[in-house]
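Participant: Quick one, structure for this:
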Amino acid sequence: MDLLKDSIIDELYNNVVVANITESEEYQENLKQYNKILENIENEELKQKLIKLKELINSMVSDSDRTTFKIGFSLGVKMVIEALNNNNIK
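Facilitator: Residues are numbered from 1 along each chain as shown. Now for the predicted structure:
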């Protein structure tokens with residue numbers, strides 16, 4: 001892990017969240033179906049446009065998911081800190 005390039009939250013997201021999603025049976029089944037449909041498209045220009053569209057959609061969803069994860073993780077940590085601070089109040 002290069003701490004200068006990736007934050008610990010990024011590492012957690014990439015190595016735990018994304019890894020578990022791509023290894024899931026549901027993801028693998030969807031990927032198999034996608035590839036089967038793509039293989040049956042005979043028009044090469046259309047096929048390339050669909051591949052590019054999928055790449056763009058994946059990029060947008062990935063960026064959105066990563067940001068949502070970071071916000072949720074940060075909020076969770078802040079809640080724990082606040083709870084611990086409030087627990088010490090007498």
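Participant: and the helix or strand where residue 57 lies, what other elements does it pack with?
Facilitator: Element membership of residue 57, judged by DSSP states H and E, is helix 44-87. Applying 3 or more Cβ pairs under 8 Å, 6 or more residues apart in numbering; DSSP states H and E, one finds that helix 44-87 makes contact with helix 8-12, helix 25-39. The C-beta positions use only the backbone N, C-alpha and C, and glycine is treated the same way.
Participant: can you redo the ones you listed as a markdown table with mean pLDDT?
Facilitator: Converted to a markdown table, these look like this (pLDDT from 0 to 100):
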| stretch | mean pLDDT |
| --- | --- |
| helix 8-12 | 84 |
| helix 25-39 | 93 |
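Participant: These: which one's closest to residue 84?
Facilitator: In terms of Cβ to Cβ, the element of these nearest to residue 84 is helix 8-12, at 19.6 Å.
Participant: For that closest one, list the C-alpha coordinates in CSV.
Facilitator: Below are the C-alpha coordinates for helix 8-12, written out as CSV (Å, rounded to 0.1, in the frame of the first residue of the first chain):
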residue,chain,number,x,y,z
ILE,A,8,-6.5,3.6,4.1
ILE,A,9,-10.2,4.0,3.3
ASP,A,10,-9.4,3.5,-0.4
GLU,A,11,-7.4,0.4,0.4
LEU,A,12,-10.3,-1.0,2.5
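Participant: What is that helix packed up against?
Facilitator: Helix 8-12 packs on helix 44-87, going by 3+ Cβ pairs under 8 Å, 6+ apart.
Participant: Compute the inter-axis angle for the helix it packs on and helix 25-39.
Facilitator: 160 degrees (axes from the mean of the first three to the mean of the last three Cα atoms, to 10 degrees).
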